[in-house]
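Colleague: I need the structure of the sequence given here:
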Amino acid sequence: MREDRRERYDDGFRREALGLIKAGVGYVSLARRLAMPAYTAKQWTMLYRSGGEESFMGAQGSRRYDWETKAAAARDHVDNGLTVTEVMAKYDVASVAPLQRWCREYRAGVWLSMPA
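Modeller: As a prediction, this is how the structure comes out:
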């Protein structure tokens, strides 16, 4: 039975994953080799491709994005067909989760105009 590592991924584990990603291993193989969920492996692969090693290893601190950046990123993904990875790299978005939220809000029409 495989060890369940979902609770915490330490730096050593992340470095091992990073080495495999750099070597060109796909996310399915990464998940299988490291006994981790495929969804996590896919997110990590996308994170590395969009932000590089620093982004992947978890740069400390939270980032704030202005309204224009959020709207432009969502518009590029939803309307202009850029991939999530391309949008994250273009706008220096550190995580997939906020971009996904911005796209949901954009599709729902929450951002019809700039907030006051």
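
Colleague: gap between the residue nearest to Leu82 when sequence neighbours are not counted and Lys70?
Modeller: Nearest non-adjacent residue to Leu82, counting by Cβ to Cβ, 6 or more residues apart in numbering: Asp76, 4.5 Å away. Yep, even glycine has a C-beta here, placed from its N, CA and C like the rest. According to Cβ to Cβ, to the nearest Å, Asp76 stands 11 Å off from Lys70.

Colleague: now name the helix or strand holding Tyr39.
Modeller: Using DSSP states H and E, the element containing Tyr39 is helix 38-56.

Colleague: tell me the mean pLDDT for that helix?
Modeller: Across helix 38-56, pLDDT averages out at 84.

Colleague: on contacts alone, who are the packing partners of it?
Modeller: Applying 3 or more Cβ pairs under 8 Å, 6 or more residues apart in numbering; DSSP states H and E, one finds that helix 38-56 contacts helix 11-22, helix 27-34, helix 84-91, helix 96-107.

Colleague: figure out how far the very next helix or strand once past that helix is from the centre of its chain.
Modeller: As assigned by DSSP H and E, the chain's next helix or strand after helix 38-56 is helix 67-78. Relative to its chain's centre, helix 67-78 lies at 15 Å (Cα atoms, centre = their mean, to the nearest Å).

Colleague: much appreciated, bye for now.
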